[in-house]
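Enquirer: Dropping the sequence and predicted coords here.
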Amino acid sequence: MNLNPVPKIRQFWSDASRILSISYKPGVNEFKRTLKIVLLGTLALGIVGYIIYLIVELAINF
């Protein structure tokens, strides 16, 4: 059993460096579009969760 963590750390650093080298900073329009999508998804999940909460509360109180 190899207990030396150095090769795994080197592999992780290599993978992280490769990912950072091919990534790019999004433009303003792309950032706004992504922000809108994330906010709409969060809002939708919140509404669904609240509806489920109301159904459970009504079921318990009857």
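Expert: Cool, the structure landed.
Enquirer: Where does residue 21 sit: helix, strand or coil?
Expert: Three-state call for residue 21 (DSSP: H, G, I helix; E, B strand; the rest coil): helix.
Enquirer: Let me know the helix or strand that residue 4 is in.
Expert: Assigned by DSSP states H and E, residue 4 belongs to no helix or strand.
Enquirer: The most centrally placed residue in the chain: which element?
Expert: Nearest residue to the geometric centre of the chain (Cα atoms, centre = their mean): residue 38, 9.5 Å. Counting by DSSP H and E, the element that carries residue 38 is helix 28-61.
Enquirer: For residue 36, the count of nearby residues, please.
Expert: The number of residues packed near residue 36 is 10, by other Cβ atoms under 10 Å. Where C-beta positions appear, they are placed from N, C-alpha and C, glycine not excepted.
Enquirer: can you tell me which residues contact it?
Expert: Counting by Cβ atoms under 8 Å, 6 or more residues apart in numbering, residue 36 touches no other residue.
Enquirer: let's have the chain start at 41 instead
Expert: With the count now opening at 41, the last piece we talked about shows up as residue 76.
Enquirer: Could you tell me how far residue 86 is located from residue 79?
Expert: Residue 86 sits at a distance of 10 Å from residue 79 (criterion: Cβ to Cβ, to the nearest Å).
Enquirer: picking that back up, and the residue nearest to the centre of the chain, how far from residue 71?
Expert: When residue 78 is compared with residue 71 (using Cβ to Cβ), they lie 11 Å apart.
Enquirer: Residue 63 now?
Expert: Distance of residue 63 to residue 71, computed by Cβ to Cβ: 14 Å.
Enquirer: Next: residue 44.
Expert: Relative to residue 71, residue 44 is positioned 42 Å away (criterion: Cβ to Cβ).
Enquirer: Please identify which of those two sits among more neighbours.
Expert: Just comparing residue 44 and residue 71: by other Cβ under 10 Å the higher neighbour count belongs to residue 71, 11 against 7.
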